[in-house]
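Peer 1: Quick one: sequence and predicted model below, then my questions.
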Amino acid sequence: MAVKIRLARMGTKKKPFYRLVAASSEAPRDGRFLEILGSYDPTKNPAAVKLHKEKVSLWLQKGATVSGSARAILEREGMMKGS
């Protein structure tokens, strides 16, 4: 089972916010996940980001891959190096 760090959409229609989650790569986008790693609210100005940095670094050490949108958020927060 491959683990991915990705965004899961929450909220209502026209008012989205996202959870940063560790999930199986086979699980649906908004479906089952292993652990909540933080949240991202793009509707706020500037966008609000809350991260559990210890949990994120633990999953990265375990070899979790990161989706493109999650990578952009983690780079902005200084958790990953830009490539």
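Peer 2: That came in fine, so what should we check first? Residues are numbered from 1 along each chain as shown.

Peer 1: Any idea what Tyr40 is bridged to?
Peer 2: The partner list for Tyr40 in beta bridges (DSSP bridges) reads Tyr18, Val49.

Peer 1: That one reaches Arg9, doesn't it?
Peer 2: No. Judged on CB atoms under 8 Å, Tyr40 makes no contact with Arg9 at a distance of 10.2 Å. C-betas here are computed from N, CA, C, even on glycine.

Peer 1: and the residue positioned nearest the centre of the chain, what are its phi and psi?
Peer 2: Nearest to the mean C-alpha position of the chain, by CA atoms, centre = their mean, lies Leu20 at 2.5 Å. Leu20 adopts backbone torsions of phi -90, psi 120, taken as degrees, to the nearest 10.

Peer 1: tell me the contacts of it?
Peer 2: Neighbour list for Leu20: 5-7, 36-40, 51, 56, 70, 73 [criterion: CB atoms under 8 Å, 6 or more residues apart in numbering].

Peer 1: That one and Ala2: what is the separation?
Peer 2: Separation of Leu20 from Ala2 (CB to CB, to the nearest Å): 17 Å.

Peer 1: And for Pro28?
Peer 2: As judged by CB to CB, Pro28 and Ala2 stand 15 Å apart.

Peer 1: Val66 too?
Peer 2: Distance from Val66 to Ala2, by CB to CB: 12 Å.

Peer 1: So if I had to pick from the two, which one is more boxed in?
Peer 2: Between Val66 and Ala2, counting by other CB atoms under 10 Å, Val66 is the more crowded of the two (20 against 9).

Peer 1: Can you give me the pLDDT of that one?
Peer 2: pLDDT, Val66: 94.

Peer 1: Surely it is in contact with Leu74?
Peer 2: Yes. Shown here, Val66 and Leu74 form a contact pair, counting by CB under 8 Å, at 6.6 Å.

Peer 1: Find residues that contact each of the two.
Peer 2: Common neighbours of Val66 and Leu74 (CB under 8 Å, 6+ apart) are 5, 80.
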